[in-house]
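Colleague: this one's sequence-less:
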C-alpha cells in the first residue's frame, strides 16, 4: 500500500514522474477528470489550514472523487494517543486507533495534518504520531504536514521552480533564508524545502543564525542528496551573504532545535533577530532571484510589502501548484498512474 | 469581470433578467442542471449563517458546480487587513490579500460574508473590507452580506414579491418596519430591502423612529430609484401609521446610524422602544398585507407568534428564493446566461 | 411522509427488508449508485460525531445525493426551542421552527443529532425536541441519535450480527453489558441495542447494577419484542454471570435513570463500579462470543486492550455497517425501495 509520509521513501523515478504529472495538471486544458471516480478521501486537521484543505478538497473533486474535511475538536470527539495499557480516563473519548480504523472502512485514503510538538524532539523526529496513524490505517495515508515533513508543499515547490525556470532547476542557486517571526513555528516546511532543493541538484545555501540550523538528520540527508544529484550544500549565518547571487530566496521562519531545550531562551533569541527579513535591497543582491514562501506569511515581519507585491514573488504560483501536485499525489496513492 | 457587491452597479435590464431567472428556477420542474459543470466556488464566512451557506452550497451543487465553505477562525488562520506598510506582528498569521489571491487560483468565484463594524461609519459605508477583498481577487466575488448590502437577499425578496403578487409588485405599498431587538444589528438587510422596493417602483414607506432612519446615502438612492421607477418614498415615525393599508410589511431590527456615535445611548434608546413589534392588530390594519422577514427573527420580540404562524407570513418563501436567486447569480457571474 | 425516529414505528416487514438492504450494500461489488441522483440531505449536529457524520455524508454521496453538514454553534446561529408565546430575548437568534422550515425548503431530507438532556426524564422519554423538529419539517427526518434512540446504529448492529453469524441471529445469546465510565452518558445506544436484540428473537440478558436498569418503557418494550419474536429477556446484576455462554457481549456505559434524580449520587455510584469492564477472562467465559461496541470507546476503562485488539472484537464491522445501513435508510426515506 502506498502512503505519502515524505519523499525520501520514494525513489528518484517516482519523484520525477510526480513532478511531471503536477506540471501536466497545470497545463492541462481540462481541469476536471474522471480518473478517480467513486473514490473518497477523509481529511483530518489537528491544526489550522487554508491552502491545504481547500486545494485537497478541490484536487479530489476535480479527479471525480469525494473529499470530506474534519477539524478535530470542532464537532468531532477528542482523540487519545496513549500507548497499549494506558487507561483512557481523561478528556478524550476515543483512541486514534479506532478513529483511523473506522475511517479506513469508509474512505479510500486519509489525509492528516499534525504539527510538531516542539517539546519532544525524539517524537517529532521519528514522526511518532504519524506512524501511529499510519499503523492504524488500512488505506493510503497522505501527510498534510507533520512534525518534520510537508511533502505536498515540497512537490508543489519543485513543480513551481520547474515552471519558473522553464525546466529542471538543477544548478540554480537556492537559498533557504531563516526569517524573524513573533511565534515559534515548526520545521516541516524548511526541512522539506531544503531536501527538495538538494534532491533537485541545486546549489543550496541554508542562511540562518547558528542556533537555527535544522535538525542534524535533515542536514545529513541534504548533504547526501546534494552529492548524489550533482549539487552542493552549505551554510552561512549571514543573511546578506546568503542571498547574494541567488536565483531563489525561499524565506521561512522556524523555531530551530533550540526550542526543544528551552522555550523562553529560544523566544528571546528570536525576538533579538528582527533584521532577518527579506527586503528589496536584499532581493537586489540576488541574480534576478525569485521570492518563494509557502504561506501564510507575515508582511513586514518575514518579508517587506515591496517584495511581496513585486513581480519577483512567486508565492501564488507555489500555492496554485498545491492543487496540481495533490492531484498527482492522489493518482499515485490510488495507483491510477 | 463580474462581481456582485450590490445591485446599484447593475443596470435595470440585468436586474430584471436576474429576477426572471430566479423565478424560472423556482418553477423549473428540473432542479438539477449542468450549466456550471466543473466550476467551483469558495465561500468565506466571517459571521454566522444558516440560509446563506446552505442555499449557496446547494445552488452551486444543483448547477453542477462544487462549493466549499470556510468559517474563518474555525480551522483556518486568522486574517489581517492592514494597510501597506503595517507590520503583521499581532495575532493574525495571514494577510487577506494572500488568502484571496490563493483562493482565486483554486476557485472560479468567491463568496464572502463580512458584517458591518458598527463602529467606523466611513469604512462601513464605503464597503472598505469588501473592496480590499475584491481588489485581491482575480475571480468574481459575490457579496453574502457585507457592511451595507445583502444583494442575495434583495434578489430573493424581489422574486418572492413577484411570486406573491403574481407579477411585478410595481405600485404596491411596501413598508419597511423597524422593530425592537435586544441586540444592535447591522443595516445591510434594511438598506437592501428599501432599495429593492424602490427600484421595483413600489410605494415605499420607511417606518422607524427618527434616530433609526437609514444612512443618508441610502435614503437618497431610494428617493432616486422611486422617482425613476414611478414609485414613491416617504418616512413615518409612527408604526401604526406605517403599516396602514400596506401590501407588504417588511419587518427588521437594526441599530441605525446612532450606533456610530454612542453604543450605550443607542442601546438605551432601542430598549425603550419595545412596542415596535409586528402584531395581529397591526397586520389587520394592512390591505391584506403579507409579513416578510429575512430571518433569523426573534419571535415575540420583532413579531408575534400569531403573525409568524399565519398565512400572511411569507418568510419561508423568501428563504426558499435564496436558492433560486443564487442560481441566477452564479449563472450571471460565470457568464452562463 | 416517512421519518425515521425509531424502529418501533416500523413493522417487521420493513425492518427486515432494511436489514436485507444493508446487507446487500455491504456485499454489492459496486459501491456507487445513482438511485438518489439529485437528492440532498442536510445534517444538523447539536453534539459531536465522527462515524455518523462521515458515514452519512458518504452514504448520500455514494447514492448520487448531496449531503451538507452543519455543526450547531460553529458558524450557525444558536437556536431557541421555546413554546408558543415565549419571548425570544435571550442568546438564541432563531427559533428551531424557522430553521427547520427553511432547511425543508432546500433539502430533500434532514438528519439531526440531539443527545438526551439527562435532566428532564419526561422530555427525554417523549423525545420532545425530536418531535418539535419533526413537526417543523416538511421533508423526512432521520434520527442521528436522539434522547432515547439511535436507529442508524441499531440497523447497523443488526446487520453486523447477521454477517457475523452468517444469517439471522435468532436464538443466539446476547448480553448488553453495562460498563464503568468517568462520564454520565445517555441511553440512546443501550436502549436501541436492547430493543434490536429482542426484536431479532435473541436470548437477551441485560447485565447491569440494579440502579442502571434502563427506563421502564424500554424494558417493557423489550419484553414484548422477546415474546412476540420467540426470544427471551432477563436481567442480572452480576457481570460475570451475564457474560457466561453469551454469543455477543454488547458493552456500553450509560448513566441510568438514576441520573434524573441526582447527578452527584449517580456519579459517586458509577465511580465505585470500576470492575464493570470487559476483560479477557470475561470473554473467555462466553461461548466464543464476540465483543461489540458502538464507539467511541474508552480503552482499559470500558474494555481492555487485549479484548479490543483480539479477533473477537467486531466494532469495526459495526462501524462499517453504518455506511451500508444508512444507504438503506436513505433509500427508504426517499421511497426509492
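Modeller: That came in fine, so what should we check first? None of the values given here were measured: they were computed from a predicted structure.
Colleague: and the closest residue to residue A:279 other than its chain neighbours, what does it touch?
Modeller: In space, and not counting its chain neighbours, residue A:279 is closest to residue A:304: 5.0 Å by C-beta to C-beta, 6 or more residues apart in numbering or on different chains. C-betas here are computed from N, CA, C, even on glycine. Going by C-beta atoms under 8 Å, 6 or more residues apart in numbering or on different chains, residue A:304 touches A:277, A:278, A:279, A:280.
Colleague: Among the residues you listed, which one lies nearest to chain B?
Modeller: Nearest to chain B, judged by C-beta to the nearest C-beta, of those is residue A:277 at 10.1 Å.
Colleague: Tell me who's in contact with the closest one.
Modeller: By C-beta under 8 Å, 6+ apart, residue A:277 lies in contact with A:179, A:180, A:300, A:301, A:302, A:303, A:304.
Colleague: for chain C, what are the nearby residues on chain A?
Modeller: A:37-38, A:40, A:42, A:66, A:68, A:70, A:74-77, A:80, A:82, A:84-89, A:93-95, A:98-99, A:101-103, A:105-107 (C-beta under 8 Å from any C-beta of the partner chain).
Colleague: re earlier: which of the contacts of residue A:304 fall in strands?
Modeller: Residues of the contacts of residue A:304 located in strands (DSSP state E): none.
Colleague: Please name the nearest non-neighbouring residue to whatever residue of the stretch 51-200 of chain A ends up closest to chain B.
Modeller: Minimum separation of the stretch 51-200 of chain A from chain B (C-beta to the nearest C-beta) falls at residue A:71, amounting to 3.7 Å. Using C-beta to C-beta, 6+ apart and skipping the chain neighbours, the partner closest in space to residue A:71 is residue B:75 (3.7 Å).
Colleague: okay but that neighbour is in contact with residue A:45, surely?
Modeller: Yes: counting by C-beta atoms under 8 Å, residue A:45 is a contact partner of residue B:75 at 5.8 Å.
Colleague: how about the nearest residue to residue A:302 once chain neighbours are set aside, what does it touch?
Modeller: Nearest residue to residue A:302, sequence neighbours excluded (C-beta to C-beta, 6+ apart): residue A:179, at 4.3 Å. Going by C-beta under 8 Å, 6+ apart, residue A:179 touches A:251, A:252, A:253, A:276, A:277, A:278, A:301, A:302, A:303.
Colleague: could you redo the residues you listed as a markdown table and give each row pLDDT?
Modeller: A markdown table is the format used below for these (pLDDT from 0 to 100):
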| residue | pLDDT |
| --- | --- |
| A:251 | 98 |
| A:252 | 98 |
| A:253 | 98 |
| A:276 | 98 |
| A:277 | 98 |
| A:278 | 98 |
| A:301 | 98 |
| A:302 | 98 |
| A:303 | 98 |
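Colleague: could I get those residues as JSON lines with distance to residue C:54?
Modeller: Compiled in JSON lines, the contacts of residue A:179 are given as follows (distance: C-beta to C-beta, whole Å):
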{"residue": "A:251", "distance to residue C:54": "38"}
{"residue": "A:252", "distance to residue C:54": "34"}
{"residue": "A:253", "distance to residue C:54": "35"}
{"residue": "A:276", "distance to residue C:54": "43"}
{"residue": "A:277", "distance to residue C:54": "43"}
{"residue": "A:278", "distance to residue C:54": "42"}
{"residue": "A:301", "distance to residue C:54": "38"}
{"residue": "A:302", "distance to residue C:54": "37"}
{"residue": "A:303", "distance to residue C:54": "39"}
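Colleague: on that earlier part again, the residues of chain A next to chain C in strands, which ones?
Modeller: A:40, A:42, A:66, A:68, A:70, A:80, A:94, A:95.
Colleague: Find the nearest non-adjacent residue to the residue of chain A found nearest chain C, please.
Modeller: As assessed by C-beta to the nearest C-beta, chain C sits closest to residue A:94 within chain A, at 3.3 Å. Nearest residue to residue A:94, sequence neighbours excluded (C-beta to C-beta, 6+ apart): residue C:296, at 3.3 Å.
Colleague: how close does that neighbour get to chain B?
Modeller: For residue C:296, the distance to chain B (C-beta to the nearest C-beta, to the nearest Å) stands at 21 Å.
Colleague: How about stretch A:275-293, which residues are buried there?
Modeller: A:276-279, A:282-283, A:285-286, A:289-293 (16 or more other C-beta atoms under 10 Å in any protein chain shown).
Colleague: ok, back up a step: tell me the one of the contacts of residue A:179 nearest residue B:309?
Modeller: Relative to residue B:309, the closest of the contacts of residue A:179 is residue A:301; by C-beta to C-beta it sits at 55.9 Å.
Colleague: Give me the pLDDT for residue A:59.
Modeller: With respect to pLDDT, residue A:59 has a value of 97.
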